[in-house]
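A.B. asks: Any chance you could fold what I've pasted below:
(one chain, ligands or ions: 1)
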Amino acid sequence: MTPENTAPQKPEPKSGLMRISPYVGGKATVSGANRIVKLSSNENPYGASLAAIEAFKDGADTLALYPDGSARALREAIAKSEGLDPARILCGAGSDEIITFLCRTYAGPGDEIMHSAHGFLMYQLSALAVGADPVSVPEVDLMADIDAMIAAANERTKLVFIANPNNPTGTLIPDTEIRRLRDGLPSHTLLVIDAAYAEYVTEPGYDSGAALVSERDDVVMTRTFSKIHGLATLRLGWCYAPEAVIDAMNRVRGPFNVSGPALAAGTAAIADADFIARSRDGNIEARAWVAEKLERLGFPVTPSHGNFVLAEFGTSGPHSAEAADTFLQSRGILIRRMEGYGLPAHLRISIGTAAENGVLIAALEDFVA
Ligand SMILES: *Cc1c(COP(=O)(O)O)cnc(C)c1O
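C.D. replies: Numbers count the residues shown, from 1 in each chain. Purely as a prediction, here's the structure:
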């Protein structure tokens, strides 16, 4: 051994990992405020289905037992409510875990994983975690640029992630454009449609991606229980995918990746059509109200199909996004800064209850005064 090599070597993380800036979630606390209005993580302001809460509590009786690793009852409940084939559903600890399964199954060092510039941050983080190169494709008017994404695809492109509606912009891509994207991508590329906000969409002709999955062997749709179902803390998501994709992902998935109480609550939640409808309708009404108030205050809002709005403030001056965030925090109101998404002039504001939205708008009226 040469003298240079005698220095003890430290364990080193895999290359690429240190390029990851760990995901920073929406703020949940602020010092000095006794009442918090949390509009920073797109959670359901109405809580969760009472049936789901009951099912979760019942799960307390069997904490000592391993959960059903195949998530059969939940997959069947999802299949029934969505009109899908339960054999083509796979459940995860949040759709975040589904995203990591897809990256681990289909990509590694030397591969590319594509997303649009203002797409959900987890795509980039999961790509780096498997040693693949994330490729960010610029958007036009805060919308994914389908032509640019098709042009950016190459023999190394293993996965393309597109959220529809997109978080944080709230924009919706028409089904025809999603199909044009799929048709324009190489056949070795798996297209992943992240439909985390599907239940909120009222646009005629919207397809969450399920129809496209049924027709092809190169499309996956992901969904979550964290948004309209109000079960974010339980970490529960699922995907609808071709059988070959499910089979491959099941080899990567841990045998008991979803906990029993999460399975039970999810099974009850997906069947509670009333709660889902009330959450959706409440959101539509409140979102229109919040958007109109923001516009009147001089903060343009991107038309949103989710349970949040993206509002434009500015990068400097008294009414900048930073100034607004600081002011709102002093009132105990938490919203999401967007630098991490390449949108430093914008704030993403989750739609709350009528009372929460009222507190937000009253504070912003004071802010501009
Ligand atoms: C919130 C969100 C998710 C998922 O969340 P989980 O809590 O991990 O299920 C996935 N994609 C988008 C675009 C989201 O906004």
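
A.B. asks: what's the burial count for residue 183?
C.D. replies: Counted with other CB atoms under 10 Å, the neighbours of residue 183 add up to 9. Every residue, glycine included, has its C-beta placed from N, CA and C.

A.B. asks: Can you name the next helix or strand after the helix or strand harbouring it?
C.D. replies: Assigned by DSSP states H and E, residue 183 belongs to helix 175-184. Reading on from helix 175-184 to the C-terminus, the next helix or strand found by DSSP H and E is strand 190-194.

A.B. asks: the strands in this structure, which residues?
C.D. replies: Per DSSP state E, the chain carries strands over the ranges 37-38, 89-92, 112-116, 133-137, 157-163, 190-194, 219-224, 237-240, 301-302, 308-312, 333-334, 336-337, 346-350.

A.B. asks: In its sheet, which strands sit next to the first one, and in what direction?
C.D. replies: Paired neighbours of strand 37-38 in the sheet (DSSP bridges): strand 333-334 (parallel).

A.B. asks: any idea how far residue 26 lies from the ligand?
C.D. replies: 10 Å (CB to the nearest ligand atom, to the nearest Å).

A.B. asks: how about the helices of this structure, start to end?
C.D. replies: Assigned by DSSP state H, the chain shows helices spanning 50-58, 72-82, 95-106, 121-129, 146-152, 175-184, 210-215, 243-252, 260-271, 273-296, 321-330, 354-368.

A.B. asks: Adding distance to the ligand, write these out as JSON lines.
C.D. replies: Output for these, formatted as JSON lines (distance: least, CB to the nearest ligand atom, whole Å):
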{"stretch": "helix 50-58", "distance to the ligand": "15"}
{"stretch": "helix 72-82", "distance to the ligand": "14"}
{"stretch": "helix 95-106", "distance to the ligand": "3"}
{"stretch": "helix 121-129", "distance to the ligand": "7"}
{"stretch": "helix 146-152", "distance to the ligand": "16"}
{"stretch": "helix 175-184", "distance to the ligand": "15"}
{"stretch": "helix 210-215", "distance to the ligand": "16"}
{"stretch": "helix 243-252", "distance to the ligand": "15"}
{"stretch": "helix 260-271", "distance to the ligand": "11"}
{"stretch": "helix 273-296", "distance to the ligand": "14"}
{"stretch": "helix 321-330", "distance to the ligand": "20"}
{"stretch": "helix 354-368", "distance to the ligand": "19"}
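
A.B. asks: how about those in JSON lines, adding mean pLDDT and distance to residue 222?
C.D. replies: JSON lines is the format used below for the helices of the chain (pLDDT from 0 to 100; distance: least, CB to CB, whole Å):
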{"stretch": "helix 50-58", "mean pLDDT": "98", "distance to residue 222": "20"}
{"stretch": "helix 72-82", "mean pLDDT": "98", "distance to residue 222": "12"}
{"stretch": "helix 95-106", "mean pLDDT": "98", "distance to residue 222": "5"}
{"stretch": "helix 121-129", "mean pLDDT": "95", "distance to residue 222": "10"}
{"stretch": "helix 146-152", "mean pLDDT": "98", "distance to residue 222": "18"}
{"stretch": "helix 175-184", "mean pLDDT": "98", "distance to residue 222": "14"}
{"stretch": "helix 210-215", "mean pLDDT": "97", "distance to residue 222": "10"}
{"stretch": "helix 243-252", "mean pLDDT": "98", "distance to residue 222": "11"}
{"stretch": "helix 260-271", "mean pLDDT": "98", "distance to residue 222": "14"}
{"stretch": "helix 273-296", "mean pLDDT": "98", "distance to residue 222": "18"}
{"stretch": "helix 321-330", "mean pLDDT": "97", "distance to residue 222": "29"}
{"stretch": "helix 354-368", "mean pLDDT": "98", "distance to residue 222": "28"}
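
A.B. asks: so which of those gets nearest residue 194?
C.D. replies: helix 95-106 (6.9 Å; CB to CB).

A.B. asks: name the helices or strands packed onto that closest one?
C.D. replies: Helix 95-106 sits against strand 89-92, helix 121-129, strand 157-163, strand 190-194, strand 219-224, strand 237-240, helix 243-252, with contacts defined as 3 or more CB pairs under 8 Å, 6 or more residues apart in numbering; DSSP states H and E.

A.B. asks: what angle separates it from strand 133-137?
C.D. replies: 120 degrees (axes from the mean of the first three to the mean of the last three CA atoms, to 10 degrees).

A.B. asks: Outline the domain layout of this protein.
C.D. replies: 21-47+274-368, 50-271 (automatic domain parsing).

A.B. asks: quick one on the thing from earlier: which strands and helices sit next to the helix holding residue 183?
C.D. replies: The contact analysis (3+ CB pairs under 8 Å, 6+ apart) places helix 175-184 against helix 146-152, strand 157-163, strand 190-194, helix 210-215.

A.B. asks: can you rerun that using 7 Å?
C.D. replies: The helices and strands touching helix 175-184, judged by 3 or more CB pairs under 7 Å, 6 or more residues apart in numbering; DSSP states H and E, are helix 146-152, strand 190-194, helix 210-215.

A.B. asks: circling back: can you redo the strands of the chain as JSON lines with mean pLDDT and distance to the ligand?
C.D. replies: Putting the strands of the chain into JSON lines (pLDDT from 0 to 100; distance: least, CB to the nearest ligand atom, whole Å) gives the following:
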{"stretch": "strand 37-38", "mean pLDDT": "96", "distance to the ligand": "14"}
{"stretch": "strand 89-92", "mean pLDDT": "98", "distance to the ligand": "8"}
{"stretch": "strand 112-116", "mean pLDDT": "98", "distance to the ligand": "10"}
{"stretch": "strand 133-137", "mean pLDDT": "97", "distance to the ligand": "15"}
{"stretch": "strand 157-163", "mean pLDDT": "98", "distance to the ligand": "4"}
{"stretch": "strand 190-194", "mean pLDDT": "98", "distance to the ligand": "5"}
{"stretch": "strand 219-224", "mean pLDDT": "98", "distance to the ligand": "3"}
{"stretch": "strand 237-240", "mean pLDDT": "98", "distance to the ligand": "4"}
{"stretch": "strand 301-302", "mean pLDDT": "98", "distance to the ligand": "15"}
{"stretch": "strand 308-312", "mean pLDDT": "98", "distance to the ligand": "9"}
{"stretch": "strand 333-334", "mean pLDDT": "97", "distance to the ligand": "16"}
{"stretch": "strand 336-337", "mean pLDDT": "96", "distance to the ligand": "11"}
{"stretch": "strand 346-350", "mean pLDDT": "98", "distance to the ligand": "10"}
